[in-house]
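Chemist: how would this look folded up:
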Amino acid sequence: MILQAVLDITRRKGFEAVNARSIAVRLGCSTRPIFTCYENMEMMKADFLEYAFAFYEQQTAAWGMNEEACLSLPLTYLRFAREEPLLFRALFIRDMALDMHRAEDFYKEPGNGRKAETFARQLCVDVQAGREIFLDLFLWAHGAAVLTATGKLDLADVEARRRVKTVVEALAAPHRS
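Modeler: Model (predicted):
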């Protein structure tokens with residue numbers, strides 16, 4: 001209940017609006033139940049980010065069912081930024097848990113290597129090329145998604161699909177024979 005309340009607040013007002021009082025108001029109770037479940041707000045925040053990321057994965061999995069496999073990840077990421085800008089900001093801008101100081105650090109994150117290998121198979125390129133393309137595509141998609149979530153860019157689905165397809169084809173072309 002608490003995490004769902006935090007999700008509701010974040011989706012409507014942004015994560016900056018979340019505090020014990022706003023959660024209590026949303027739940028229709030005092031702040032006591034919140035601090036019975038959580039020692040402090042930092043513990044609640046950590047649980048919330050996991051909860052919110054699961055929501056993100058559920059949403060994007062549903063949306064990705066109708067997309068070409070190699071376009072699914074960037075297109076659903078862009079759509080999430082457009083449809084859930086405040087939640088996108090909380091997950092992927094404000095509190096993004098990506099420890100990436102160099103581009104290669106992208107592959108230290110759990111799951112990115114496996115996703116790149118799958119991506120390589122989808123594009124019919126070798127794994128090393130797939131890793132390079134996948135990283136470059138992430139950097140492009142993240143930039144476009146940040147611009148979208150902050151209201152600086154409005155990519156409708158048709159235009160987003162066209163642009164992502166163009167980027168993927170341009171990145172893959174040098175790796176194909």
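Chemist: Wait, Asp22 touches Ile9, no?
Modeler: For residue 22 the amino acid is Ser, not Asp. Yes - between Ser22 and Ile9 there is a contact under C-beta atoms under 8 Å: 5.6 Å. For glycine as for every other residue, the C-beta is placed from the backbone atoms N, C-alpha and C.
Chemist: Tell me which of the two has more neighbours.
Modeler: Applying other C-beta atoms under 10 Å to Ser22 and Ile9 shows that Ile9 carries more neighbours, namely 21 against 15.
Chemist: so where's this structure uncertain?
Modeler: Applying pLDDT under 70 to the chain flags the ranges 95-98, 177.
Chemist: could you pull out the helices for it?
Modeler: Ranges of helices in the chain, per DSSP state H, are 2-13, 20-27, 32-37, 41-64, 69-83, 85-89, 112-123, 127-149, 157-172.
Chemist: Near Glu42, how many residues? Count them for me, please.
Modeler: Considering only other C-beta under 10 Å, Glu42 is surrounded by 9 other residues.
Chemist: I'd like to know how far it sits from Phe48.
Modeler: Between Glu42 and Phe48 the computed distance is 10 Å (C-beta to C-beta, to the nearest Å).
Chemist: and if you look at Thr76?
Modeler: From Thr76 to Phe48 the distance is 21 Å (C-beta to C-beta).
Chemist: quick one: which of those two has more around it?
Modeler: Phe48 (25 against 21).
Chemist: which residue sits closest to Tyr38, ignoring its sequence neighbours?
Modeler: Excluding its sequence neighbours, the residue lying closest to Tyr38 (C-beta to C-beta, 6 or more residues apart in numbering) is Met44, at 4.2 Å.
Chemist: you'd agree the one you found is up against Ile9?
Modeler: No - Met44 is not in contact with Ile9 according to C-beta under 8 Å; the separation is 11.9 Å.
Chemist: Show me this structure divided up by domain.
Modeler: According to automatic domain parsing, the chain comprises the domains 1-64, 67-177.
Chemist: Ok, which of the helices of the chain comes nearest Ala103?
Modeler: Closest to Ala103 of the helices of the chain is helix 127-149 (C-beta to C-beta; 6.1 Å).
Chemist: So which residues make contact with the closest one?
Modeler: When contacts are defined by C-beta atoms under 8 Å, 6 or more residues apart in numbering, helix 127-149 is touched by residues 73-74, 77-78, 80-82, 85, 88-89, 92-93, 103, 106-107, 112-113, 115-117, 119-121, 123, 125, 153-155, 160, 163-164, 167-168, 171-172, 175.
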